[in-house]
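Undergrad: need a structure here:
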Amino acid sequence: MSKLYKKGAVNYHTRALYGLTIVLIGVIAYFNWMIGAAMALILLITIYNSVSTDKQIENDTEKYISTLSYRVKKVGEEALHEMPIGILLFSEDYEIEWANPFVNLFTEEEDTLVGLDLNAIYDDFISSIKEDKTEVWFQHKDRTYQALIKREERLIYFFDKTEQVEIETLYKNEQTVLGIIFLDNYEEVTQAMDDTTKSHLNSKMTSILNEWSRKNDIYLKRTSQERFLAVMNLEILNKLEKEKFEVLDEVRELISDKNVPLTLSIGVGIGNESSLREIGELAQSSLDLALGRGGDQVAIKDETGKVKFFGGKTNPMEKRTRVRARVISHALKELVKESDKVMVMGHKSPDMDSIGAGIGILKVAQANDKDGFVIFDPDGVNTGVERLMDMVQEDESLSKWFISPDDSLDIVTKNTLLVVVDTHKPSMVMDERLLTKTDHVVVIDHHRRAEEFIDDPTLVYMEPYASSTAELVTELLEYQPSTLKLNINEATSLLAGIIVDTKYFTLRTGSRTFDAASYLRLKGADTVLVQKLLEEDLDVYVRRSQLIERAEVYQKGIAIVRAEEGQTYGPILIAQAADTLLTMSGIKASFVISERDDDKIGISARSLGDINVQIIMEQMNGGGHLTNAATQISDTTVYDAEEQLKEIIDEYLEGREDK
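TA: Take a look at the predicted model:
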């Protein structure tokens, strides 16, 4: 275009010059015609040569433009057909209208894609476009592709990202992973052994771990009698996860053969952008979490705080000692003395264990000359708790210390000691706002530790081996000042908490449970009064029976109840139904699913110990104990919840001989 512009400008100036020359020749010819004729001839020759030259330039320009256009078109065709990028045009009906040869890699035969719909390339292509997705990744013949979607232009670009993904996977798989292996109960188990037996046990355990590390290419170093350090990468860890850490089962079999109550707990730390020190801290934190949940399991924590659990299939062995109870009781006494008052808070929809433990801590405060308050919210309580609270209200010396969550916010100070009982999850406490109103928080709980935990507590007394929080609090009471006095109602409340959580001393009951019950009975606890508190309402019994009638046995020994759609049941009732199912012959675990009044789906899970219902419920964002767990799910139906539960049960039972 610039050449043509210049050419036009030159022609304009030339014509002007020619016009001026003709005028000049005319003037000269007027005075001398011979000179004028000669000059006219020269002008004609000049004009002829100029026109010929311009014609030649014009022909050359047209030829150049024609050649350039052809070359550009040729390059465009070559680019579309030979470039390592796929280009596809589709119609409004999502049918393929045109595609370059790269796209033909997605079919067995050439030129067969045109006219087919987009799902011929990838099953979810059309739905992805309708969802306004601008990017889709998919696999084809062991290769990974990225599709960039231009919906307005009905255009899709395809890029082969296989090498990039392989490099990213290689980098990820080579991340360093640290694990800390701990031998549960090692000191207690070996304390009474002679040197020969102890050496044999050590040799057997070390042999199992060394063989496991050799087979999986793990660096293993023993750092003490009961601890090992394991170094591996993420690829090895993924393999161990797929195998569900079979080493736990190997050690468990050793227990069966030798009748030795020794198990493994493993804490694993992962960090993509973390230092080795930070990964080590994650591993130690994971180990603490695994031990807090009863041991015999693996806890894996990454830098985001996300935790995964494996194992935990056995009932934890009781290993708390009276020495620990005395130390905790003494520490609690000192914290009470240093505070201005004591507040006790249980979980939402409190049960007898929560209230009984709260009354016990109230007595600890009073024994140390401090005012204590039990925070109580009547929402969601069952009939038994209502009867218990009626008993409390009749006792003027006890009822005046019960306050509502709103009242507690008015009197709490930074120097108040807040004791959380029967839960350790901030989301489950009676009023989460109280946790930020004081600098001193104590947690006393018998549940297995979950990923969610109260931030920075001053003192933690968590024993998953205990039957109930009321049992733990009763032991603490035994080491408080002798001025502590329990009346009949207070002792009965604690005993009711133990009886309810042990199902009349049939589940999770150890020797310490009977010791605690004996102490309370000595203080005047009335078992007949407990029985009256636990009397059932006829209507509740009928509704529970209607639920149990819908029970079906899934797999071997697992009963599942799915309540009728549209029927709502409270958490207490479905828990009672799950408990009742365990009394049936051949039932090892039970799950009851129903709609709740808060538009959520509730699941209550129980087992006799062979199946860890806590692990199953945790995969549905719940938690609890090995034999007692639950969850609540939003935005689903009882049918979908049942299908999800069955998939998780299938995965849990995979590879187990007793399924």
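
Undergrad: quick one: low-confidence parts of this protein?
TA: The model of the chain has pLDDT under 70 over residues 1-20, 25, 29-30, 36, 43, 60-82, 108-112, 255-259, 313-321, 655-659.

Undergrad: distance of the residue minimising distance to the centre of it from Trp137?
TA: Nearest residue to the geometric centre of the chain (Cα atoms, centre = their mean): Lys306, 5.7 Å. Between Lys306 and Trp137 the computed distance is 23 Å (Cβ to Cβ, to the nearest Å). From N, CA and C alone the C-beta is placed, and that goes for glycine too.

Undergrad: Repeat that for Gln567.
TA: Distance, Gln567 to Trp137, using Cβ to Cβ: 43 Å.

Undergrad: again with Gly294
TA: 41 Å.

Undergrad: what's in contact with stretch 546-559?
TA: Stretch 546-559 has contacts (Cβ atoms under 8 Å, 6 or more residues apart in numbering) with 560-564, 569, 573-574, 577, 580-581, 584, 586-592, 594, 610-611, 646, 649-650, 653, 658-659.

Undergrad: the strands in the stretch 101-250 of the chain, which residues?
TA: Under the criterion DSSP state E, counting those that start in this stretch, the stretch 101-250 of the chain carries strands at the ranges 135-140, 143-150, 155-160, 176-184, 219-222, 227-233.

Undergrad: of all the ones you listed, which gets the most neighbours per residue?
TA: Each of the strands of the stretch 101-250 of the chain was scored by mean neighbour count; the highest is strand 176-184, a mean of 22, by mean count of other Cβ atoms under 10 Å.

Undergrad: Compute the inter-axis angle for that one and strand 227-233.
TA: Angle, strand 176-184 to strand 227-233, by axes from the mean of the first three to the mean of the last three Cα atoms, to 10 degrees: 150 degrees.

Undergrad: partners of Val298 in the sheet?
TA: Beta-bridge pairing of Val298 under DSSP bridges involves Ile266, Phe310.

Undergrad: residue contacts, it?
TA: Val298 makes contacts with 245, 248, 265-268, 290, 309-311, as judged by Cβ under 8 Å, 6+ apart.

Undergrad: between those residues, which is closest to Val420?
TA: Ala290 (22.0 Å; Cβ to Cβ).

Undergrad: Starting from Val442, give me the distance back to the closest one.
TA: 23 Å.

Undergrad: Show me which of the two is the more surrounded one.
TA: In this view Ala290 and Val442 are compared by other Cβ atoms under 10 Å, and Ala290 has more residues nearby, 31 against 23.

Undergrad: Can you verify Pro481 is assigned to a strand?
TA: No: per DSSP: H, G, I helix; E, B strand; the rest coil, Pro481 lies outside any strand segment and is coil.

Undergrad: ok, for it, nearest residue in space, not its chain neighbours?
TA: Ala367 (5.0 Å; Cβ to Cβ, 6 or more residues apart in numbering).

Undergrad: do Glu187 as well
TA: Using Cβ to Cβ, 6+ apart and skipping residues adjacent in sequence, the residue nearest Glu187 is Glu226, 7.0 Å away.

Undergrad: Ala450 now?
TA: Gly623 is the one closest to Ala450 (Cβ to Cβ, 6+ apart), at 4.6 Å.

Undergrad: burial of that neighbour, as a residue count?
TA: Gly623 has 22 nearby residues by other Cβ under 10 Å.
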